[in-house]
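[1] this one's sequence-less:
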């Protein structure tokens, strides 16, 4: 039997993905589930539906609700919350960095640092200097990675990930996919996804 | 202190509302929370967004996911699931009946019977004969109620409920509103809504 594993598909601009990003590594480790970190972008997926921004902006009632619900969920999870301005943030550079780091020891720390700065400290996560400082903080080679994310190779790789997300039927973030192809959407499904991964390990 | 109470806003066509409808009376009774039954219609709320059908039909990936997720959630809750045809069902007559019964002893039984037939037995819930048979089964006066739902008074009352839902910021079903005005959306928030009602009883 191979070790249970789960793919964690996350868009850095996504509010509820913050809740999962801050919890997943601890929860998965406790249950002995490996994480395959899959940064992606929702923009191109929303564009296919004719949307030019977050559905939380397009539907004001749903947007107002979401921010209040985030306050409640953050309180339950003891996480800080400040509303990013603008929302949604542009997470493309952060996603490219995460793609570069995805198999490294730094990935969990980088992902949490970006989400925590974005939703806990209202940091603009599109800012290259901020992203470089996060890389320095976690001990990764900032200059090399910041150069690498401007290459065609990395840009194409992230685009390919978006296509893979579409192929898997992903339409929102966070999404979790188990080794046997079961898709779970939303922070509210993280525990069920881990449970599924455990019970259906190959 | 008044007894803790929660308003349960439900659209009969809604899949996830089935999961809440089948559970809410038992869960609320166990915690000593009163239920204010608020049938309403999502159609006019979706129409304001330019949608002529369920978002699960408009967004195929989200729709496919929802049906698979419903299978999983129904299995966890030991509820049967069959996919209504057509989806969404027209629940306007059922909603008008529920409005008539909302303060009566029959309301919980009626709501559960309709949802169970719709999502457990693929029954067309727009069918007047079916609805009358449910009323007979639960011991309510079927003929009187079936006549009453065709009156202008009941039609106007349900329309007013939709306006009230909009005023409360409701954009989906199921929704739960506590006495102090806190809104919770989705079957995944039923437990949190009951907890809130208990902790914030007036």
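    Received, thanks. Just so it is clear, the structure is predicted and the values come from calculations on it, not from any experiment.

[2] does any bit of the longest helix along chain A sit next to chain B?
    Ranked by number of residues, the top helix in chain A under DSSP state H is helix A:60-77. Yes - contact of helix A:60-77 with chain B (CB under 8 Å from any CB of the partner chain) involves A:61, A:62, A:64, A:65, A:68, A:69, A:72, A:76. C-beta coordinates here come from the backbone N, C-alpha and C atoms, glycine included.

[3] put together TSV for those residues, with neighbour count and pLDDT on each row.
    Shown next, in TSV, are those (neighbours: other CB atoms under 10 Å in any protein chain shown; pLDDT from 0 to 100):
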residue	neighbour count	pLDDT
A:61	19	96
A:62	18	97
A:64	14	97
A:65	21	98
A:68	15	98
A:69	19	98
A:72	15	98
A:76	11	97
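
[4] in the lowest-mean-pLDDT helix or strand in chain A, what counts as buried?
    Scoring the helices and strands of chain A by mean pLDDT, DSSP states H and E places helix A:55-58 at the bottom, with a mean of 93. For helix A:55-58, a neighbour-count test (16 or more other CB atoms under 10 Å in any protein chain shown) marks A:55, A:56 as buried.

[5] flag the shaky bits of chain A, pLDDT-wise.
    Chain A contains residues with pLDDT under 70 at A:1, A:202.

[6] which bits of it sit near chain B?
    So far as CB under 8 Å from any CB goes, chain A lies against chain B at A:49, A:58-59, A:61-62, A:64-65, A:68-69, A:72, A:76, A:166, A:169-172, A:183-186, A:188-189, A:192.

[7] in terms of contact, does residue A:157 touch residue A:99 like I think?
    Yes - with contacts counted by CB atoms under 8 Å, residue A:157 reaches residue A:99, the gap being 5.7 Å.

[8] give me the common contacts of the two.
    When CB atoms under 8 Å, 6 or more residues apart in numbering or on different chains defines a contact, no residue borders residue A:157 and residue A:99 alike.

[9] between the two, tell me which one has more neighbours.
    More neighbours surround residue A:99 than the other of residue A:157 and residue A:99, with 22 against 14 (other CB atoms under 10 Å in any protein chain shown).

[10] just checking, what packs against the strand or helix carrying that one?
    Per DSSP states H and E, residue A:99 falls inside helix A:92-101. Using 3 or more CB pairs under 8 Å, 6 or more residues apart in numbering or on different chains; DSSP states H and E as the contact test, the elements touching helix A:92-101 are strand A:34-39, helix A:107-120, helix A:128-138, helix A:142-148, helix A:152-167.

[11] so of these, which one's packed in deepest?
    Compared across the helices and strands packed on helix A:92-101, helix A:107-120 shows the largest average neighbour count, a mean of 22 (mean count of other CB atoms under 10 Å in any protein chain shown).

[12] so that one versus strand A:34-39, what angle?
    Between helix A:107-120 and strand A:34-39, the angle comes out at 50 degrees (axes from the mean of the first three to the mean of the last three CA atoms, to 10 degrees).

[13] just list what helix A:107-120 packs against, helices and strands only.
    Here helix A:107-120 touches helix A:15-21, strand A:34-39, helix A:92-101, helix A:128-138, going by 3+ CB pairs under 8 Å, 6+ apart.

[14] make JSON lines out of those and add distance to residue B:119.
    Listed next are the helices and strands packed on helix A:107-120 as JSON lines, based on distance: least, CB to CB, whole Å:
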{"stretch": "helix A:15-21", "distance to residue B:119": "26"}
{"stretch": "strand A:34-39", "distance to residue B:119": "33"}
{"stretch": "helix A:92-101", "distance to residue B:119": "38"}
{"stretch": "helix A:128-138", "distance to residue B:119": "47"}
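
[15] end-to-end on stretch A:115-133?
    14 Å (CA to CA, to the nearest Å).

[16] repeat that for stretch A:184-191.
    10 Å.

[17] with stretch A:81-89 instead?
    15 Å.

[18] distance from the chain centre to that stretch, please.
    The chain centre lies 15 Å from the centre of stretch A:81-89; the measure is CA atoms, centre = their mean, to the nearest Å.

[19] where's residue A:44, which helix or strand?
    Assigned by DSSP H and E, residue A:44 belongs to helix A:43-48.

[20] my error: substitute residue A:6 in the last question.
    Counting by DSSP H and E, residue A:6 is found in strand A:5-10.

[21] so what touches that strand?
    If you take CB under 8 Å, 6+ apart as the criterion, strand A:5-10 is touched by A:17, A:20-21, A:24, A:28, A:33-40, A:111, A:165, A:168, A:170, A:173-179, A:193-194, A:197, A:201.

[22] so who does residue A:116 touch?
    Contacts of residue A:116 were listed using CB under 8 Å, 6+ apart, and they are A:18, A:22, A:80.

[23] same check on residue A:84?
    Residue A:84 neighbours (CB under 8 Å, 6+ apart): A:13, A:118, A:119, A:122, A:124, A:125.

[24] if we use 10 Å, what do you get?
    A:13, A:15, A:18, A:117, A:118, A:119, A:121, A:122, A:123, A:124, A:125 (CB atoms under 10 Å, 6 or more residues apart in numbering or on different chains).

[25] buried subset of these, written for PyMOL?
    With 16+ other CB under 10 Å as the criterion, this PyMOL line picks the buried residues out of these:
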select buried, chain A and resi 13+15+18+117+118+119+123+125
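
[26] show me which of the contacts of residue A:84 is closest to residue B:149.
    Lowest distance from residue B:149 to the contacts of residue A:84 (CB to CB) belongs to residue A:15, with 40.9 Å.

[27] for the closest one, give its distance to residue B:65.
    Distance, residue A:15 to residue B:65, using CB to CB, to the nearest Å: 19 Å.

[28] ok, now residue A:93?
    For residue A:93, the distance to residue B:65 equals 29 Å [CB to CB].

[29] try residue A:16
    Distance, residue A:16 to residue B:65, by CB to CB: 15 Å.

[30] phi first, then psi, for residue A:52.
    The phi and psi values for residue A:52, taken as degrees, to the nearest 10, are phi -100, psi 0.

[31] meant to ask about residue A:200
    The phi/psi pair for residue A:200 (degrees, to the nearest 10) is phi -120, psi 30.

[32] this completes my enquiry, with thanks.
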